[in-house]
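[1] From the sequence below, what's the structure:
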Amino acid sequence: MDIDSLQPKISQRIQTIVEKNKIANAYLLHGSEGSGKEAVALKFSSLLTDCSIDEFLDNPNIFFIIPASTDFYSNFFKSKKIDEKEYQEWNQLWREKLLFPLKKIRFNSNNIPLVALKNLKENIIFESDKRKIVIIFDAHCLSHGSSESANALLKLLEEPPSKTSFILVTDYMNSIPATIQSRCQIISIPKIGDKDLKKYIKRTGDLDFELLSFLSGNNLQLVDLFIQYPKSSLIDIIHNYINAIEYSNSQSISEFYEKILANINTNKENLYLDFHIIKKWLEYTNQIKSSISHSFSWDEFHDISDNFINNHQNCEIENLIKEIEYFLGDIEQNTNPKFSLMNMFINSHNYLN
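    Modelled structure (predicted):
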């Protein structure tokens with residue numbers, strides 16, 4: 001699996017745990033987004049159960065939990081036959097995940113409902129000669145709402161069934177209750193190093209490795225997206241943003257405005273990626289302003305920054321980044337997008353001089 005080369009120290013650590021048979025009842029894997037935590041969890045589970053990953057779906061001792069609706073989990077664990085219609089999407093997601101462990105999977109939910117833990121408890125009490133594994137991805141979603149799911153998990157961790165290990169995975173350690181953290185062995189997954197990422201990447205598309213590393217922050221999900229991204233698209237996004245906040249002309253504002261609103265309604269992944277690109281360019285521009293050098297060289301990217309700095313010498317670029325973050329935060333809170341977007345344009349324009 002690629003995770004061995006991407007996270008060699010962590011890979012060695014989990015192998016040592018299994019080889020020395022010092023296996024805990026619960027582990028909490030945390031770290032930055034895109035660092036391969038879920039792939040580590042799958043590799044760890046494979047070692048603990050002595051079961052290859054492609055056999056996970058048919059293994060009655062392995063249980064997966066991810067955020068999903070209450071309706072879905074109401075019947076889950078009662079039957080997991082591959083041919084049952086209600087599990088087609090689930091099985092499709094998991095087959096893809098097991099085939100490509102570094103790829104993020106999710107239902108359209110940010111909640112792990114209480115019923116998921118209730119049904120799980122009923123299904124892990126059985127005696128088994130082999131170790132049972134419960135894998136919980138996006139474990140911070142246990143704390144959604146009234147935290148009933150987190151409390152239910154805590155009770156399971158306080159009196160865990162025999163030969164059962166829980167593996168929790170999260171990007172947000174602070175959202176995991178301290179009572180749960182205290183009952184887990186903590187494994188911190190570091191950001192993937194440049195040297196390890198370079199070994200993993202076979203191609204970088206239109207971007208050289210140093211530029212790809214800067215734009216993605218070595219986040220595996222972003223790496224996969226940027227590999228497919230032409231440089232010309234990056235430049236267009238930045239130009240459109242600059243034209244909009246400079247009020248260059250009514251058409252430039254209108255086109256950028258309409259594109260953002262369309263992405264909010266139909267493709268939020270594109271929305272977040274576009275603004276991620278803009279924020280990285282602003283970060284780069286601020287560093288150029290502070291005479292900080294970079295490992296990559298891209299004249300067109302650099303020239304846009306130089307022109308922007310010359311045209312707006314008194315601009316506090318950090319404020320432009322904050323305006324984008326405020327806007328994205330509003331979108332997450334389902335605030336009126338038109339109002340939030342116009343606020344971002346107006347405030348950003350005012351910060352230019």
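[2] only C-alpha atoms for contact and neighbour calcs from this point on.
    OK.
[3] So, low pLDDT: which residues of the stretch 101-250 of the chain?
    Applying pLDDT under 70 to the stretch 101-250 of the chain flags no residue at all.
[4] Which parts of it are strands?
    Using DSSP state E, counting those that start in this stretch, the strands assigned to the stretch 101-250 of the chain run over residues 132-136, 164-170, 185-189.
[5] Ok, which of those strands comes nearest Ser297?
    Counting by Cα to Cα, Ser297 lies closest to strand 185-189 out of the strands of the stretch 101-250 of the chain; the figure is 30.1 Å.
[6] what's in contact with that closest one?
    Strand 185-189 is contacted by residues 10, 24, 26-32, 35-37 when judged by Cα atoms under 8 Å, 6 or more residues apart in numbering.
[7] how's this protein carved up into domains?
    3-191, 230-351 (automatic domain parsing).
[8] a markdown table for the ones you listed, including distance to Gly205?
    Formatted as a markdown table, these follow (distance: least, Cα to Cα, whole Å):
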| stretch | distance to Gly205 |
| --- | --- |
| domain 3-191 | 19 |
| domain 230-351 | 7 |
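[9] what distance separates the start and the end of stretch 189-200?
    Taking Cα to Cα, to the nearest Å as the measure, stretch 189-200 stretches 17 Å from start to finish.
[10] And that stretch, what's buried?
    189-192, 196-198 (16 or more other Cα atoms under 10 Å).
[11] Check stretch 59-74 too.
    61-63, 65-69, 73.
[12] Kindly report the same for stretch 302-319.
    Quick answer for stretch 302-319 (16+ other Cα under 10 Å): 304-305, 308-309, 315, 317.
[13] quick revisit: take the strands of the stretch 101-250 of the chain and lay them out in JSON lines including distance to Pro113.
    Output for the strands of the stretch 101-250 of the chain, formatted as JSON lines (distance: least, Cα to Cα, whole Å):
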{"stretch": "strand 132-136", "distance to Pro113": "12"}
{"stretch": "strand 164-170", "distance to Pro113": "16"}
{"stretch": "strand 185-189", "distance to Pro113": "24"}
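[14] Which among those strands is found nearest to Leu93?
    strand 132-136 (14.9 Å).
[15] Would you mind getting the angle between the closest one and strand 164-170?
    Here strand 132-136 runs at an angle of 20 degrees relative to strand 164-170 (axes from the mean of the first three to the mean of the last three Cα atoms, to 10 degrees).
[16] Which neighbouring elements make contact with strand 132-136?
    helix 37-49, strand 62-65, strand 164-170 (3 or more Cα pairs under 8 Å, 6 or more residues apart in numbering; DSSP states H and E).
[17] weakest of these by average pLDDT?
    Mean pLDDT is lowest for strand 62-65 among the helices and strands packed on strand 132-136, at a mean of 92.
[18] C-terminal to it, what's the next element?
    helix 70-75 (DSSP states H and E).
[19] Show me what that following helix is packed up against.
    helix 114-124.
[20] Could I get the buried residue list for stretch 323-335?
    Burial within stretch 323-335, assessed by neighbour count using 16+ other Cα under 10 Å, is assigned to 323-328, 330-331.
[21] which of the contacts of strand 185-189 are buried?
    10, 26-32, 35-37.
[22] will you turn those into a markdown table that also has secondary structure and distance to Pro161?
    Formatted as a markdown table, the buried ones among the contacts of strand 185-189 follow (DSSP: H, G, I helix; E, B strand; the rest coil; distance: Cα to Cα, whole Å):
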| residue | secondary structure | distance to Pro161 |
| --- | --- | --- |
| Ile10 | helix | 27 |
| Ala26 | strand | 11 |
| Tyr27 | strand | 15 |
| Leu28 | strand | 18 |
| Leu29 | strand | 21 |
| His30 | strand | 24 |
| Gly31 | strand | 28 |
| Ser32 | coil | 31 |
| Ser35 | coil | 30 |
| Gly36 | coil | 28 |
| Lys37 | helix | 25 |
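[23] Same list, these, but as CSV with distance to Leu48 please.
    Shown next, in CSV, are those (distance: Cα to Cα, whole Å):
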residue, distance to Leu48
Ile10, 15
Ala26, 12
Tyr27, 12
Leu28, 15
Leu29, 15
His30, 19
Gly31, 22
Ser32, 24
Ser35, 21
Gly36, 18
Lys37, 16
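[24] Relative to Glu127, which of those residues is nearest.
    Ala26 (18.2 Å).
[25] give me every residue that touches that closest one.
    Per Cα under 8 Å, 6+ apart, neighbours of Ala26: 157, 165-168, 183-185.
[26] Equivalent analysis for Ile264, please.
    Contacts of Ile264 (Cα under 8 Å, 6+ apart): 271, 331, 337.
[27] Return the subset of the residues you listed lying in helices.
    Applying DSSP state H to these, the entries found in helices are 271, 331, 337.
[28] What is the nearest of those residues to Ser149?
    Using Cα to Cα, Ile331 comes nearest to Ser149 of the ones in helices among the contacts of Ile264, at 26.1 Å.
[29] and the residue lying closest to that closest one once chain neighbours are set aside, how many neighbours?
    Closest residue to Ile331 apart from its sequence neighbours, by Cα to Cα, 6 or more residues apart in numbering: Pro337 at 6.4 Å. Pro337 has 18 neighbouring residues, counting by other Cα atoms under 10 Å.
[30] Quickly note the distance from Pro337 to Tyr326.
    12 Å.
[31] what touches both of those two?
    Joint contacts of Pro337 and Tyr326 (Cα under 8 Å, 6+ apart) do not exist.
[32] Many thanks, I have nothing further to ask.
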